[in-house]
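Undergrad: just need the structure, nothing else, for what follows:
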Amino acid sequence: MHAGIHRGIHYAIEPNAAPGYWRYGYTIGDRVRSGRVQGRLPLLAIRRVQMRIDRDMRPGRADADRKPEVSAPAQARSDS
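TA: All right, here's what the predicted structure looks like:
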């Protein structure tokens, strides 16, 4: 198991039962994020978790879990 801090966020990573996969977990504010990343080398898995933390900390990520609204397609104009 490996635990670390990236940009002030504490994260933990541990090997999964499947070879080459790692489970991770971290908390940003009141949101708990967890999942798995692929990487044969531990340092590669750590880097991928750090990249996910960077992505989650980017401005505008608060609504990232919501699906974007799909508007009706624009109707073709006919110039007669």
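Undergrad: where does this structure dip in pLDDT?
TA: 61-80 (pLDDT under 70).
Undergrad: run a quick neighbour tally on Val49.
TA: As a burial measure, the neighbour count of Val49 was computed by other Cβ atoms under 10 Å and equals 26. For glycine as for every other residue, the C-beta is placed from the backbone atoms N, C-alpha and C.
Undergrad: three-state assignment of it?
TA: helix (DSSP: H, G, I helix; E, B strand; the rest coil).
Undergrad: surely it touches Ala12?
TA: No - in this structure Val49 lies outside contact range of Ala12 using Cβ atoms under 8 Å: 9.1 Å.
Undergrad: the spatially most central residue of the chain: what's it in contact with?
TA: For the chain, the residue whose C-alpha lies nearest the mean C-alpha position (Cα atoms, centre = their mean) is Arg52; its distance is 4.0 Å. If you count contacts by Cβ atoms under 8 Å, 6 or more residues apart in numbering, Arg52 has them with Tyr24, Arg33, Gly35, Val37.
Undergrad: thinking again about what came up before, anything in contact with each of Val49 and Ala12?
TA: Common contact partners of Val49 and Ala12 (Cβ under 8 Å, 6+ apart): Tyr24, Tyr26.
Undergrad: got a list of contacts for whichever helix or strand Arg36 is part of?
TA: Under the criterion of DSSP states H and E, Arg36 resides in strand 31-38. Counting by Cβ under 8 Å, 6+ apart, the neighbours of strand 31-38 from elsewhere in the structure are 13, 16, 20-27, 45, 48-49, 52, 56.
Undergrad: so which of the residues you listed is the most crowded?
TA: Using other Cβ under 10 Å as the neighbour criterion, Val49 leads those with 26 neighbours.
Undergrad: roughly how far apart are it and Gly8?
TA: The span separating Val49 from Gly8 equals 15 Å under the rule Cβ to Cβ, to the nearest Å.
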